[in-house]
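Enquirer: need a 3D model of the sequence below.
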Amino acid sequence: MRERLARARRVVVKIGSRLLSEDPSGRPAALAGEVAALRARGVAAVVVSSGAIALGRQALGMTARPRELPRLQAAAAVGQGRLMQAWERAFAPHGIPVGQILLTHEDVSARGRFLAARHAIAALLELGAVPIINENDTVATDEIKFGDNDGLAALVTNLVAAEALIILTDVNGLHDADPRAGGVRIPIVQDIDREATAAGGSSSGVGTGGMASKVQAAKIAGRSGVPTVVAEGRRADVVQAVLAGEDLGTIFIPTDERLASRKHWIAYALRPAGSVVVDAGARMALVDRQKSLLPSGVRQVTGRFDAGEAVSILDEGGRELGRGLAAYSADEIERIRGKRSADIEGILGYKNLDEVIHRDDLVIL
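Expert: A predicted model of the protein is given here:
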């Protein structure tokens with residue numbers, strides 16, 4: 001699988017807040033040199049950069065990361081310009097322009113805005129610029145935040161059709177225990193659910209991530225068929241070394257069952273507005289036979305949602321089986337649950353589809 005990295009022609013590189021706050025000029029300069037070298041051999045790179053809040057904190061004299069959302073937004077407002085200045089200065093010696101892309105969760109959850117962002121990034125790459133992507137922390141709220149840029153980077157891999165995701169952090173990959181207590185690096189993870197469940201989720205106090213968020217990012221990218229490497233960003237020429245197949249950090253092998261772009265968007269870019277609980281028969285039809293969800297298999301509806309919104313599909317034990325786009329509103333599904341498809345029109349007075357969620361709009365997780 002590491003040999004496959006050498007064939008990648010479009011990569012997403014995510015760099016964390018701690019690395020940038022340690023060396024706000026040197027670290028971007030080093031990465032810019034690597035991106036320039038990659039471009040010289042035909043590899044396009046998209047950079048997902050944390051650091052706006054950390055740099056804003058420094059400028060505002062904050063001794064710790066604030067917990068209040070307005071103060072986080074204020075720090076981001078001050079720090080975002082400084083962050084982009086750092087990237088502009090880093091790429092200037094190579095004659096490469098940079099373009100700022102600020103995203104909120106709404107930008108990737110609304111299909112039209114998702115496609116608009118995809119086209120804008122494609123245009124930047126075509127024109128020879130390097131996209132620098134960050135969450136729009138200045139306007140993000142608790143309801144629309146990605147939570148960390150690891151998750152954003154994973155969604156960007158699907159957004160730009162990347163062939164590899166490289167997450168640069170302050171540790172050399174996933175370990176079987178805390179590396180400060182003698183934990184050993186895990187070079188390859190074949191099955192994320194089975195092999196990486198012990199990953200810790202502690203935050204550095206500078207950013208919002210942790211190894212758990214990186215593992216989740218690798219899982220999301222893996223459903224697009226994209227391998228993820230988590231590696232130490234302090235190492236010289238780390239990106240080129242990773243793409244050359246060197247045994248650095250941890251590589252997460254993507255799943256064999258690759259999701260199409262639209263289904264990946266349904267599964268990971270959308271946030272469910274509610275849920276439906278299905279019986280054992282429906283569970284078997286969905287998971288084992290990849291069928292649509294019919295109203296006869298629905299046992300319970302929670303939340304308030306309209307037709308076309310995303311919902312979680314739960315089994316009777318509360319385990320999430322998948323996600324999909326509802327063909328009916330929560331109120332409508334409540335009225336037709338447990339009924340035959342042939343009865344829908346008689347109950348509602350109309351019928352959109354025979355299915356509550358059509359299989360083309362459904363992803364099994």
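Enquirer: what about Pro70, how many neighbours?
Expert: By the other C-beta atoms under 10 Å criterion, the neighbourhood of Pro70 contains 8 residues. Glycine gets a C-beta too; all of them are placed from N, C-alpha and C.
Enquirer: ramachandran angles for it?
Expert: Reported as degrees, to the nearest 10, the phi and psi values for Pro70 are phi -60, psi -40.
Enquirer: cool, Val48 as well?
Expert: For Val48, the backbone dihedrals are phi -100, psi 110 (criterion: degrees, to the nearest 10).
Enquirer: that one contacts Gly151, doesn't it?
Expert: No: contact between Val48 and Gly151 fails when scored by C-beta atoms under 8 Å: they sit 10.1 Å apart.
Enquirer: who has more neighbours out of the two?
Expert: More neighbours sit around Val48 than around the other of Val48 and Gly151, counting by other C-beta under 10 Å; the figures are 27 against 22.
Enquirer: how much space between the more buried one and Ala36?
Expert: According to C-beta to C-beta, to the nearest Å, Val48 and Ala36 sit 18 Å apart.
Enquirer: do the same with Gly225
Expert: Applying C-beta to C-beta, one obtains 27 Å for the distance of Gly225 from Ala36.
Enquirer: which stretches of the stretch 201-350 of the chain have low pLDDT?
Expert: 201-209 (pLDDT under 70).
Enquirer: can you give me the helices for it?
Expert: Counting by DSSP state H, counting those that start in this stretch, the stretch 201-350 of the chain forms helices over residues 211-222, 238-243, 261-264, 280-287, 330-336, 344-348, given from the N-terminal end onward.
Enquirer: in the first one, what's buried?
Expert: With burial defined by 16 or more other C-beta atoms under 10 Å, the residues of helix 211-222 counted as buried are Met211, Ala212, Ser213, Lys214, Val215, Gln216, Ala217, Ala218, Lys219, Ile220, Ala221, Gly222.
Enquirer: and of the residues you listed, the nearest to Ile333?
Expert: Checking the buried residues of helix 211-222 against Ile333 by C-beta to C-beta gives Ile220 as the nearest, at 27.6 Å.
Enquirer: can you tell me the closest non-neighbouring residue to the closest one?
Expert: Nearest in space to Ile220, with sequence neighbours left out and distances taken as C-beta to C-beta, 6 or more residues apart in numbering, is Ala154 at 3.8 Å.
Enquirer: for Leu325, same thing?
Expert: Asp361 (3.9 Å).
Enquirer: how many other residues sit next to Arg323?
Expert: For Arg323, using other C-beta under 10 Å, the count is 23.
Enquirer: give me the distance between it and Thr104.
Expert: Here the criterion is C-beta to C-beta. By it, Arg323 lies 20 Å from Thr104.
Enquirer: same deal with Arg304?
Expert: According to C-beta to C-beta, Arg304 stands 22 Å off from Thr104.
Enquirer: I'd say Leu348 and Lys339 touch.
Expert: No: taking C-beta under 8 Å as the contact criterion, Leu348 and Lys339 are not neighbours in contact, 10.1 Å apart.
Enquirer: next up, phi/psi of Lys66, please.
Expert: Residue 66: Pro, not Lys. The phi and psi values for Pro66, taken as degrees, to the nearest 10, are phi -70, psi 150.
Enquirer: OK, contacts around it?
Expert: Pro66 makes contact with Arg57, Leu72, Ala75 under the criterion C-beta atoms under 8 Å, 6 or more residues apart in numbering.
Enquirer: export these as CSV, with columns for distance to Asp256.
Expert: What follows is the contacts of Pro66, written out as CSV (distance: C-beta to C-beta, whole Å):
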residue, distance to Asp256
Arg57, 43
Leu72, 40
Ala75, 42
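Enquirer: and those, which is the shakiest by pLDDT?
Expert: For the contacts of Pro66, the model is least confident at Leu72; its pLDDT is 86.
Enquirer: wait, a strand at that one?
Expert: No: with DSSP: H, G, I helix; E, B strand; the rest coil as the criterion, Leu72 is assigned helix and is not in a strand.
Enquirer: based on its surroundings, how many neighbours for it?
Expert: Other residues near Leu72 number 21, with proximity taken as other C-beta under 10 Å.
Enquirer: same deal with Glu345?
Expert: Number of residues near Glu345 (other C-beta under 10 Å) recorded here: 12.
Enquirer: you'd agree it is up against Lys351?
Expert: Yes: contact status for Glu345 versus Lys351: in contact at 4.2 Å, counting by C-beta under 8 Å.
Enquirer: bridging residues for Thr250?
Expert: Beta-bridge partners recorded for Thr250 (DSSP bridges): Val230.
Enquirer: distance of it relative to Ile192?
Expert: With the distance defined as C-beta to C-beta, Thr250 ends up 11 Å from Ile192.
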